[in-house]
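Peer 1: Structure for the following, please:
(chains A and B)
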Protein chains: 2
Amino acid sequence: MDIKEFFEQSAGRWFSQRTSHHLAFKQAENGKSDITIEMIAADAPEVVQLCQQYEVDPDSAICGARVTWDGTMDWDEEKHQGSTVLVPVADPDKPNEGKLLREMGYAEKAPVAGRYIMGDDQALTLITDYETMYSEERLWFASPNLRLRTSILKRFGGFSMASMSSEIRMGVTKPPQESQDAAAKT
Amino acid sequence: MDIKEFFEQSAGRWFSQRTSHHLAFKQAENGKSDITIEMIAADAPEVVQLCQQYEVDPDSAICGARVTWDGTMDWDEEKHQGSTVLVPVADPDKPNEGKLLREMGYAEKAPVAGRYIMGDDQALTLITDYETMYSEERLWFASPNLRLRTSILKRFGGFSMASMSSEIRMGVTKPPQESQDAAAKT
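Peer 2: Now for the predicted structure:
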């Protein structure tokens, strides 16, 4: 499976259960959310715009996905709602690795591209290295309808949190609408 | 890292937080336990006895470990306490894979050996295939003092549970006492 196939298999509506182990407090926090993942064509305006923001050639975008979530975590009252666009860009010399561009949140000052590595074991590893935070996430499919995700968060050099999400497919979304150009290539 | 090094790095006292996502119920259950892992020499009596029980040549045992746990899970009142012996036995033709022998519980009728695969990414995969149950577990070290573990459980062909444990090292245990014979070899 390559990164595009991984994104394609991820497209759909998911029910996600998430648990975070706060390591210093020895406490677990549970949460639930609905997640929708929709594929976007590699030449869609939002993909091109994101590439430009990260100063990456838009032609090197492999595909795009819009991820929307709506959920709750036990420890706070507020709704966790949001949406982002993800765009993988392969390394020229490493076909299974590359950058993962992500639409910035309002709180972020500068765009931080993550790294992705598509493993031989069909698992996708995502690494994001912020100034004071480091996160390593692993996603894999136990079956086409069950996606699992673990992540480890380091703050100021020490591990602070380990999380797991189990995501059950609730439905599918439409395939991306390709441009004339992309459709002609197939 | 090979399987023996993985066991050696696992030796010690750990505080473990565990969460199980019951997939059909969409519910999460948290638990905590203290785990102690002690190395046992490959020629120790309990290792030899376990090999004989599984009809495996005791000389093919790579090492042994005694795992003791004492914990609680949220959904029940009873203490989860127990102890078992684990013995990895390498495949003659696959140095990073093999059988994992395990001391039987009282409830089990026949010994069921699991399979282990030590991956290039330093993660240990354990697969146990019972008559009506299939479990796949992945263990890895985020750091020498933080061990993570995910598992997926299938019952009657369908996924029923996904679990994560985060294990923080609380102390070390003594190295195994080697026999005269084993010590002479080093």
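
Peer 1: can you pull the contacts of the most centrally placed residue in chain A?
Peer 2: Nearest to the mean C-alpha position of chain A, by CA atoms, centre = their mean, lies residue A:86 at 6.3 Å. When contacts are counted by CB atoms under 8 Å, 6 or more residues apart in numbering or on different chains, residue A:86 is found next to A:7, A:64, A:65, A:66, A:67, A:100, A:101, A:102, A:103. For glycine as for every other residue, the C-beta is placed from the backbone atoms N, C-alpha and C.

Peer 1: burial measure for the closest residue to the first one other than its chain neighbours, as a count.
Peer 2: Pointing back at residue A:7 there. In this structure, residue A:7 finds its nearest non-sequential neighbour in residue A:65, 5.2 Å apart by CB to CB, 6 or more residues apart in numbering or on different chains. Per other CB atoms under 10 Å in any protein chain shown, the neighbour tally for residue A:65 reads 21.

Peer 1: likewise the one 4 residues further on?
Peer 2: The local packing of residue A:69 (other CB under 10 Å) involves 16 other residues.

Peer 1: Unless I misread the structure, it falls within a strand.
Peer 2: Yes. The assignment for residue A:69 is a strand, going by DSSP: H, G, I helix; E, B strand; the rest coil.

Peer 1: give me every residue that touches the residue nearest to residue A:7.
Peer 2: With contact set as CB under 8 Å, 6+ apart, residue A:65 has these partners: A:7, A:10, A:11, A:37, A:38, A:39, A:40, A:85, A:86, A:87.

Peer 1: Looking at those, which is nearest chain B?
Peer 2: Nearest to chain B out of those is residue A:10 (CB to the nearest CB; 16.7 Å).

Peer 1: Tell me the confidence at that closest one?
Peer 2: At residue A:10, the model reports a pLDDT of 97.

Peer 1: pretty sure it is touching residue A:36, no?
Peer 2: No. Checked against CB atoms under 8 Å, the pair residue A:10 and residue A:36 is beyond contact range at 10.5 Å.

Peer 1: So the two - more neighbours on which side?
Peer 2: For residue A:10 versus residue A:36, the count of surrounding residues by other CB under 10 Å is larger for residue A:10: 21 against 17.

Peer 1: So residue A:9 belongs to a helix, correct?
Peer 2: Yes. According to three-state DSSP, the state of residue A:9 is that of a helix.

Peer 1: burial measure for it, as a count.
Peer 2: So residue A:9, with other CB under 10 Å, has 16 neighbours.

Peer 1: Next, work out how far apart whatever residue of chain A ends up closest to chain B and residue A:8 are.
Peer 2: Closest approach of chain A to chain B (CB to the nearest CB) occurs at residue A:164, with a separation of 3.6 Å. According to CB to CB, to the nearest Å, residue A:164 and residue A:8 sit 24 Å apart.

Peer 1: Looking at those two, which is more packed in?
Peer 2: Ranked by neighbour count (other CB under 10 Å), residue A:164 and residue A:8 place residue A:164 first, with 25 against 17.

Peer 1: Which phi and psi values does residue A:145 adopt?
Peer 2: Backbone torsions of residue A:145, given as degrees, to the nearest 10, read phi -110, psi 10.

Peer 1: Just the element for the residue nearest to the centre of chain A, please.
Peer 2: Here residue A:86 sits within strand A:80-90, counting by DSSP states H and E.

Peer 1: helices or strands next to the helix or strand following that strand in the packing?
Peer 2: Using DSSP H and E, the helix or strand that follows strand A:80-90 towards the C-terminus is strand A:97-102. Strand A:97-102 sits against helix A:45-53, strand A:80-90, strand A:114-118, with contacts defined as 3 or more CB pairs under 8 Å, 6 or more residues apart in numbering or on different chains; DSSP states H and E.
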